[in-house]
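> Got a sequence here, can you build the structure:
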Amino acid sequence: MMRTFGYIFATAALIGLAFVTVPNISSTNRTNKENDTHLQGAHGVQFQKITFAQALQKSKTENKLIFMNVYAVWCGPCKLLKDRTFQSDKVANLLNSNFINIDVDAEKGEGIELAQRYNVEAHPLMLLINSEGKVVKSILGYRKDNQLVDEVKDFVRK
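Numbering: from 1, shown residues only. Model prediction:
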C-alpha cells in the first residue's frame with residue numbers, strides 16, 4: 001500500500017514538474033519580440049522600431065530610401081504580406097540590404113499622422129520615401145515576393 005502510494009506520488013510529481021519546466025512558448029515569443037529591435041524574427045524583412053524622423057535621418061546618413069509598410073491590424077492582405085511576402089528570403093535580402101524598413105500601423109500612434117500626410121486611403125500600402133520625405137514609389141495592395149522585388153529593384157542604390 002505504501003509502495004503504491006509512493007509510485008503514485010512520484011508519478012504525479014514528475015508530471016507536475018514537466019508542466020513547471022516547459023516554457024510558455026507564446027509568452028517567450030512575445031517577450032523576445034518586445035525586446036527585439038525589429039517586428040519580424042531573424043528571418044524576413046527587418047522592420048526597425050524607430051520614429052519616422054529617425055528613419056529620415058538614417059536615410060540621409062546611410063544614403064538609402066525608406067521602405068514604409070503602411071497597414072491596419074484588421075487588413076487581411078496586410079497580414080498576408082507580413083506572413084508570406086515579407087518572410088521571403090529574396091524580399092528580405094533586397095529590403096534589408098538596401099532600405100531603411102519601417103512598419104506603420106495607420107490607425108495608431110505616429111501612423112495616424114503619417115497616413116494623413118501620405119494620403120493613405122487603402123491598405124496595404126508600401127511607400128519608398130527619400131530622405132526629404134518625398135514618395136518616389138507607391139505600391140498599393142498585396143504583392144507576392146517576385147512581384148515586390150520587381151517593383152523595388154530599380155530603386156536600389158548602386
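> Would you confirm that residue 135 contacts residue 125?
No - contact criterion C-beta atoms under 8 Å: residue 135 and residue 125 do not qualify, at 10.1 Å. For the C-beta atoms, the positions are set from N, CA and C on the backbone; glycine is no exception.
> Mutual contacts of these two, please.
Between them, residue 135 and residue 125 share these contacting residues under C-beta atoms under 8 Å, 6 or more residues apart in numbering: residue 118.
> Neighbour count for those two, which is higher?
For residue 135 and residue 125, the more surrounded residue by other C-beta atoms under 10 Å is residue 125, and the numbers stand at 23 against 14.
> dump the residue contacts of the more buried one.
Applying C-beta under 8 Å, 6+ apart, we find residue 125 in contact with 69-71, 118, 138-140.
> Output those residues as JSON lines; include the columns neighbour count and pLDDT.
Conversion of the contacts of residue 125 to JSON lines gives the following (neighbours: other C-beta atoms under 10 Å; pLDDT from 0 to 100):
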{"residue": "69", "neighbour count": "24", "pLDDT": "98"}
{"residue": "70", "neighbour count": "24", "pLDDT": "98"}
{"residue": "71", "neighbour count": "22", "pLDDT": "98"}
{"residue": "118", "neighbour count": "18", "pLDDT": "98"}
{"residue": "138", "neighbour count": "15", "pLDDT": "97"}
{"residue": "139", "neighbour count": "17", "pLDDT": "98"}
{"residue": "140", "neighbour count": "14", "pLDDT": "98"}
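> Which parts of this protein are strands?
Listed in chain order, the strands of the chain (DSSP state E) span residues 65-71, 99-105, 125-129, 135-140.
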